[in-house]
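Asker: A predicted structure for the sequence below; I have some questions about it.
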Amino acid sequence: MQASNPTRKLPPLSLYIHIPWCVRKCPYCDFNSHARPEQLPEKAYVDALLSDLDHDLAQHSASTGDRQISTVFIGGGTPSLFSAEALDRLLCGIRTRLSLQTDAEITLEANPGTVEQGRFAEYRALGINRLSIGVQSFQDELLEKIGRIHSGREAIRAAEQAHDAGFSNFNLDLMHGLPGQNLSQALADLRNAIDLEPSHLSWYQLTLEPNTAFFRKPPTLPDDDRLADIQNRGQDVLSQAGFTQYEVSAYSRPDRQCRHNLNYWQFADYIGLGAGAHGKLSSMLPQQVSRTRKRRQPQAYLDAASSTTASTNPFQSSSVDLKHEDLVAEFMLNALRLKQGVDMELFTHHTGLSNSALSAPLNQALQAGLMDSSERLQASELGWRFLDDLIALFLPEKSRSQG
């Protein structure tokens, strides 16, 4: 399998920063999040993040070089637990080490709560220009069932304060298919969110993920018929309100798609900093893409800051170069989540592989009616309905047999 060119132009580069602490772990959450200690180690953690970045830049200098950062996403956990002073020091440290595009999208995840909301104006003054607020529902009864600690009124106030602080670009996270939720409740949540005039909505179904409290002791969730009604009616409500679905669970106003997440779905590059963070970096060499992972436990990550090892990144727990078949699978797993798909040339550009690497599974997808064109990597209407089946065609044979 040959690359189309001996060298290639590198894809866009983003930065993801993980802050792993929450007030309390939600029973459905499978992210790397941990109940906060009595005293947050803000200074030590920011020091560790910047040291982690220094190691990454030294280790991957050939891949990072003079590349500009197009987006920054500070996720968690609950990053808004950190003070504006701590985030200011973090962002200043990043700007001295990396070149950010003048229009870089800088997102901070936040959860509703009166202490955090008062900081929104301070965050905006730091150059953070996008918020992602974890609402999940506006109904107190449902919030209690999924272990959230805020009220519906606090969720509304968070969005109002985002506007007051000057955020014209913010996302609201909403879940549906909650324990005992009916159609009218799900649609009421959507309409409440739309009334708050966000630029973006992440609207996704609650799923029971392994290693969560809900997986160990499952709540009673709506049946498939009710879930289908919620999905269909909800998409009508979003469309009528001017929100366009551009990804499986992402809806936006015109030109307000999340640029950071688009970077993931288009298989571009990103540096991952923080406990449990993942990274992906391409090389100028053809077909060479590496994935990195950082130490997952917060204390182990903090302890790595005192390491004297110079040859490797002490914050890193693993690094692997993707095989050709994994490049195909990972690219398609992301690209096919996009409603409009991607141009075929993006595959060659971001993987270094030639189009022939897709020939066999692409022909299968076309014959099955799951895709309509060999020029654009996009699910057909049938393929969108059976997206898992479509994606499976591009997985390595071993993965398909295990699935």
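Answerer: Looks like it arrived, so ask away.
Asker: what residue ranges in the stretch 151-300 of the chain score low on pLDDT?
Answerer: 286-287 (pLDDT under 70).
Asker: now the strands for it?
Answerer: Remark: strands assigned in the stretch 151-300 of the chain by DSSP state E, counting those that start in this stretch are 170-176, 200-205, 244-247, 250-252, 269-274, 278-282, 289-294.
Asker: so what touches the longest one?
Answerer: This points to strand 170-176. Identification of contacts with strand 170-176 by CB atoms under 8 Å, 6 or more residues apart in numbering yields 107, 130-137, 146, 159, 162, 186, 189-190, 193, 196, 198-206, 227, 230-231, 234, 258. All C-beta atoms are positioned from the backbone trio N, CA, C, and that covers glycine.
Asker: which other residues reach stretch 333-349?
Answerer: The contact list for stretch 333-349, computed with CB under 8 Å, 6+ apart, reads 3-4, 8-9, 11, 245-248, 262, 264-267, 331, 353-355, 357-358, 374-379, 383-384, 387, 390-391, 394-395.
Asker: tabulate the CA atom coordinates of that stretch in CSV.
Answerer: Listed next in CSV are the C-alpha coordinates belonging to stretch 333-349 (Å, rounded to 0.1, in the frame of the first residue of the first chain):
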residue,chain,number,x,y,z
LEU,A,333,-14.8,6.1,12.1
ASN,A,334,-14.5,9.8,12.5
ALA,A,335,-15.4,11.1,9.0
LEU,A,336,-18.6,9.1,8.6
ARG,A,337,-20.0,10.7,11.8
LEU,A,338,-20.2,14.0,9.8
LYS,A,339,-23.6,14.4,8.1
GLN,A,340,-21.9,15.8,5.0
GLY,A,341,-18.9,13.5,5.1
VAL,A,342,-15.6,14.7,3.7
ASP,A,343,-14.0,14.9,0.3
MET,A,344,-11.9,11.9,-0.8
GLU,A,345,-8.8,14.0,-1.0
LEU,A,346,-8.9,14.6,2.7
PHE,A,347,-8.3,10.9,3.2
THR,A,348,-5.0,11.0,1.3
HIS,A,349,-4.1,14.3,2.8
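Asker: run the chain-centre distance for it.
Answerer: Computed by CA atoms, centre = their mean, to the nearest Å, the chain-centroid distance of stretch 333-349 equals 17 Å.
Asker: circling back to that earlier point, mind putting the strands of the stretch 151-300 of the chain in TSV, mean neighbour count included?
Answerer: TSV is the format used below for the strands of the stretch 151-300 of the chain (neighbours: other CB atoms under 10 Å):
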stretch	mean neighbour count
strand 170-176	24
strand 200-205	20
strand 244-247	18
strand 250-252	24
strand 269-274	24
strand 278-282	21
strand 289-294	20
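Asker: those strands: which one's closest to Leu50?
Answerer: The closest of those to Leu50 is strand 269-274. By CB to CB, the value is 8.5 Å.
Asker: related to what we said a few turns ago, which among the contacts of stretch 333-349 end up buried?
Answerer: 3-4, 8, 11, 245-247, 262, 264-267, 331, 353-354, 357-358, 377-379, 383, 390-391, 394-395 (16 or more other CB atoms under 10 Å).
Asker: okay then, goodbye and thanks.
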